[in-house]
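Chemist: Quick one, fold the following:
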Amino acid sequence: WTAYGRVGDDIGDKTSWRIGLSTLQADGVSRDASEDAVNFSGDSSLYIADARAVYAPTGNNAEQEVILQGEYFYRDEDGTYNDSDAGTGDVAYDDSQSGWYAQSVYKFHPQWRVGARYSQLYAGDVPAGLVGSALDDGDHNPWAATAMVDWTNSEFSRVRAQFSREEVADDQEDNQFTLQYIMSLGAHSAHNY
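Modeler: Purely as a prediction, here's the structure:
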């Protein structure tokens, strides 16, 4: 089952805010945890808190705005792992993982935005019976940092250039540059002209 709630409001003519809480509860879960025939059976609980603030210096966010946004999640699992390839049998698991991201986007012109984002994941401890398996993270807590600039051609299309740097494993970093054209298709309200 899942539940969520959000609340927000305006502060004057230039600022708005929103906070939210949500949860996903799964009892009696049975899933493949990796491509290497490692299976998890048990209970899984996920909790998420999110927040967002928008400031429009001119009072009109279509012209100019700053968006600050973040999210924190916490997952707790209690059950067993079974690594059929390693022949380890059932390994008890009762641990948690957490992570977060924070981002900011600044629209300095009605068609132009720049933004930055940082995210971090904190992996749980690996039971002794799964050391060396596909689930052994080797005490690795990956992170990613991203910067972007985009230009909005119309309400239905946008061009974005983005650079991402992330730590993938054992202090190895991956750099990616992405150029995107984003387009929306479908029915929309009539124009004023």
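Chemist: Just the pLDDT for the residue nearest to residue 49 when sequence neighbours are not counted.
Modeler: In this structure, residue 49 finds its nearest non-sequential neighbour in residue 72, 5.0 Å apart by CB to CB, 6 or more residues apart in numbering. For every residue, glycine as well, the C-beta is placed using N, CA and C. As predicted, residue 72 sits at a pLDDT of 98.
Chemist: hang on, residue 72 packs against residue 22?
Modeler: No. Using CB atoms under 8 Å, residue 72 is not in contact with residue 22, being 11.3 Å away.
Chemist: What helix or strand is the residue nearest to residue 49 located in?
Modeler: strand 65-83 (DSSP states H and E).
Chemist: could you dump that strand to PDB, C-alpha only?
Modeler: Taking C-alpha atoms only, strand 65-83 is exported to PDB below (Å, rounded to 0.1, in the frame of the first residue of the first chain):
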ATOM      1  CA  GLU A  65      12.100  32.500 -11.100                       C
ATOM      2  CA  VAL A  66      14.400  30.500  -8.800                       C
ATOM      3  CA  ILE A  67      13.300  27.000  -7.900                       C
ATOM      4  CA  LEU A  68      14.900  25.200  -4.900                       C
ATOM      5  CA  GLN A  69      13.900  21.500  -4.600                       C
ATOM      6  CA  GLY A  70      15.000  18.500  -2.600                       C
ATOM      7  CA  GLU A  71      14.100  15.000  -1.500                       C
ATOM      8  CA  TYR A  72      15.200  12.600   1.100                       C
ATOM      9  CA  PHE A  73      14.300   8.900   1.100                       C
ATOM     10  CA  TYR A  74      14.800   6.000   3.500                       C
ATOM     11  CA  ARG A  75      14.200   2.400   2.800                       C
ATOM     12  CA  ASP A  76      14.100  -0.300   5.500                       C
ATOM     13  CA  GLU A  77      14.100  -4.000   4.500                       C
ATOM     14  CA  ASP A  78      13.700  -7.100   6.700                       C
ATOM     15  CA  GLY A  79      13.800 -10.500   5.200                       C
ATOM     16  CA  THR A  80      16.200 -13.000   3.500                       C
ATOM     17  CA  TYR A  81      18.400 -13.100   0.500                       C
ATOM     18  CA  ASN A  82      19.100 -16.300  -1.400                       C
ATOM     19  CA  ASP A  83      22.000 -16.500  -3.800                       C
END
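Chemist: Buried residues of that strand, list them for me.
Modeler: 65-67, 69-71, 73-75, 77, 79-83 (16 or more other CB atoms under 10 Å).
Chemist: Much appreciated, bye for now.
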